[in-house]
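Trainee: Sequence first, predicted coordinates after that:
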Amino acid sequence: MRIVRSIPELRVALKTYRDAGQSIGFVPTMGFLHEGHAALIRQSTARCDTTVVSVFVNPAQFGPGEDLAKYPRDLERDQNLCLRLGVGTLFIPEPAEIYPTGFATSIHVGPMGDVLCGQFRPGHFRGVATVVTKLFNLVQPDLAFFGQKDLQQTAVIRRVVKDLNLPVDILVVPTVREADGLALSSRNAYLAPAQRQLALGISRGLFAAEKLFISGERDAGKLVAMARSGLEGMDEIQYCEAVDPLTVDPVAGAITRPAALCVAVVIGGTRLIDNLLLSPSGENTQFISHQEPQG
Ligand code: AMP
């Protein structure tokens, strides 16, 4: 595995693969890697000749007062995990490499970036879209892998790729959870045991809503109310909504097409998000299915 820190080094490293006609898979991350990231990397190594992982805590997607400075980091562990998973290139740039002095251009995300998380994190998706587009231009991957855990992010990135004709296919990998249901997240490291216990209500509510859906309930309001029932006692419920997973437009009334129940809460200063897909006829065309072999 090659570890590269600068853009010229990255270009040299990737030219070898490109000249040999090899396909490149890309997994952008902010590091402090866990099994959720590993699932994305496994999908990439299974589908592409070589895999590039980036570890970059992107300042542009953090708002004032958010956790940029204390975002958890463990580069040595990240390197070891990437090595074990067969990553070909690990790109670890410093902020100045990505945002040199004078940097001024950013990608304005349409209304999709202003709802759900965007309401509570103004400018977040502009920061995400800008850095992901830069990383796509640097890596020029054939396939890029994102987690369903950040559902709105996948919708925004698909929109950017389509609108800007970026030559990359986006694959979305199902959320990896702890045995008790909690969605894996680097931010779970902030949770004290009692807070973690409380956080279990997020997935408990979502799974209860899924059960209701499977038993035949189709009313979005009733399903959202069931998901919300798990959120009692949390410091803040930022949203609990049913949306179209591709456009993040709200879904009201009967669910007749795939919908996602999306939740964001704050527990003891830690912001947590999760979501679950509800698919009336079992179709799940835009997402890698859970049943698919994991490489
Ligand atoms: P992050 O490092 O949090 O920016 O995440 C990097 C990528 O990993 C994003 O595409 C996330 O959606 C994905 N990811 C994070 N947590 C999970 C999870 N629990 N399951 C699947 N993918 C995840």
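Mentor: Yes, it's here.

Trainee: Around whichever residue of the stretch 51-200 of the chain sits closest to the ligand, how many other residues sit close by?
Mentor: Residue nearest to the ligand within the stretch 51-200 of the chain (Cβ to the nearest ligand atom): G147, separated by 2.2 Å. In this view, the C-beta of every residue, glycine as well, is placed from N, C-alpha and C. By other Cβ atoms under 10 Å, the residues close to G147 number 22.

Trainee: same thing with A252?
Mentor: 12.

Trainee: Distance-wise, check the spatially closest residue to it that is not a sequence neighbour relative to A254.
Mentor: Nearest non-adjacent residue to A252, counting by Cβ to Cβ, 6 or more residues apart in numbering: A220, 5.6 Å away. Distance of A220 to A254, given as Cβ to Cβ, to the nearest Å: 7 Å.

Trainee: who's more crowded, the two?
Mentor: Neighbours of A220 and A254, each counted by other Cβ under 10 Å, are more numerous for A220; the result is 21 against 11.

Trainee: backbone phi and psi for P28, please?
Mentor: phi -80, psi 140 (degrees, to the nearest 10).

Trainee: isn't it right up against V57?
Mentor: No. Using Cβ atoms under 8 Å, P28 is not in contact with V57; the gap is 11.5 Å.

Trainee: Those two: which is more packed in?
Mentor: More neighbours surround P28 than the other of P28 and V57, with 24 against 18 (other Cβ under 10 Å).

Trainee: And the pLDDT at the closest residue to T256 other than its chain neighbours?
Mentor: Sequence neighbours aside, P280 is the residue nearest to T256 in space, at 6.0 Å (criterion: Cβ to Cβ, 6+ apart). In the predicted model, P280 carries a pLDDT score of 90.

Trainee: one step back: my understanding was that the residue of the stretch 51-200 of the chain closest to the ligand contacts V172; is that so?
Mentor: Yes. G147 lies in contact with V172 (Cβ under 8 Å); the separation is 7.2 Å.

Trainee: intersection of neighbour lists for those two?
Mentor: T154 (Cβ atoms under 8 Å, 6 or more residues apart in numbering).

Trainee: Run a quick neighbour tally on A39.
Mentor: 21.

Trainee: Wondering if stretch 109-119 reaches the ligand at all.
Mentor: No. Using Cβ under 6 Å from any ligand atom, stretch 109-119 stays clear of the ligand, coming no nearer than 12.2 Å.

Trainee: Return the set of buried residues in that stretch.
Mentor: Using 16 or more other Cβ atoms under 10 Å as the test for burial, stretch 109-119 gives 109, 112-113, 115-118.

Trainee: go on, stretch 250-270?
Mentor: 251, 255, 258-265, 267, 270.

Trainee: quick revisit: tell me which of the buried residues of stretch 109-119 fall in strands.
Mentor: Among those, the subset assigned to strands under DSSP state E is empty.

Trainee: Which of these sits closest to Q197?
Mentor: Lowest distance from Q197 to the buried residues of stretch 109-119 (Cβ to Cβ) belongs to C117, with 24.1 Å.

Trainee: can you pull the contacts of the closest one?
Mentor: By Cβ under 8 Å, 6+ apart, the neighbours of C117 are 124-125, 152, 238, 264, 273.

Trainee: 10 Å - rerun?
Mentor: By Cβ atoms under 10 Å, 6 or more residues apart in numbering, the contact list for C117 reads 124-125, 128, 150-153, 156, 238-239, 248, 262, 264, 271, 273.

Trainee: Return the subset of those residues lying in strands.
Mentor: Checking those against DSSP E, those in strands are 238-239, 262, 264, 271, 273.

Trainee: pretty sure the residue nearest to A252 is touching V251, no?
Mentor: Yes. Taking contacts as Cβ atoms under 10 Å, A220 lies within contact range of V251: 5.1 Å.

Trainee: Now list whatever residues contact both of these two.
Mentor: 241-243, 259, 261, 278.

Trainee: In strands only, show me those residues.
Mentor: Those of the shared contacts of A220 and V251 lying in strands (DSSP E): 241-243, 259, 261, 278.

Trainee: Many thanks, have a good one.
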